[in-house]
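Student: 3D, please:
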Amino acid sequence: MSDTRASAAPSATEDAAPPPRPRIRTGAALWGLVLIAVASYVLWAAATPERRESVVEAVLTLTPLGWTVVVVMAVGATITLLALAAVIRRLQARLNSR
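Tutor: This next block holds a predicted model:
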C-alpha cells in the first residue's frame, strides 16, 4: 500500500507568503542621530584647550534663567523627537496595511 498523504498535501514553499518587510526602528534611528550630533559637538569642543575652556566657562557661568532655557529646550526637543517617531510609525503602519 502506498502513502498518498505526502503527494496530496501542498508543499510548504507553494503556500508560504513572502516574509514581511523588516521594520525600521524609527525612534532608535532618531535618537542615534541626536547622539551623533551631541558626540560631534563634544569632540569638536574637546579638540583644543581654548574650546574646552570656553565651554567650561559658559556652563559654569549660566544663570538660573539660562539653565531654565536649557531644560525647556531639552524637553521640547525630546517631545519633538517622540512626536516625529509617532508620525513616522503611523505612516509606516498605514503603508503596511495597504
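Student: Which neighbouring elements make contact with the longest helix along the chain?
Tutor: Across the chain, the longest stretch assigned as helix under DSSP state H is helix 64-97. With contacts taken as 3 or more C-beta pairs under 8 Å, 6 or more residues apart in numbering; DSSP states H and E, helix 64-97 sits against helix 26-46. To be clear about C-beta, it is placed using only N, CA and C from the backbone, and glycine gets the same treatment.
Student: Got phi/psi on T48?
Tutor: Backbone torsions of T48, given as degrees, to the nearest 10, read phi -130, psi 150.
Student: dump the residue contacts of it.
Tutor: The contact partners of T48, by C-beta atoms under 8 Å, 6 or more residues apart in numbering, come to none.
Student: Try it again at 10 Å.
Tutor: S54 (C-beta atoms under 10 Å, 6 or more residues apart in numbering).
Student: how far away is it from S54?
Tutor: 9 Å (C-beta to C-beta, to the nearest Å).
Student: Show me how far the longest helix of the chain is from its chain's centre.
Tutor: 11 Å (C-alpha atoms, centre = their mean, to the nearest Å).
Student: Over to stretch 43-54?
Tutor: 28 Å.
Student: which parts of the longest helix of the chain are buried?
Tutor: 81, 85 (16 or more other C-beta atoms under 10 Å).
Student: how big is the angle separating it from helix 26-46?
Tutor: With axes from the mean of the first three to the mean of the last three C-alpha atoms, to 10 degrees defining the directions, helix 64-97 sits at 140 degrees from helix 26-46.
Student: any idea of the mean pLDDT for helix 64-97?
Tutor: The average pLDDT for helix 64-97 rounds to 90.
Student: Also stretch 46-61?
Tutor: Here the average pLDDT along stretch 46-61 is 94.
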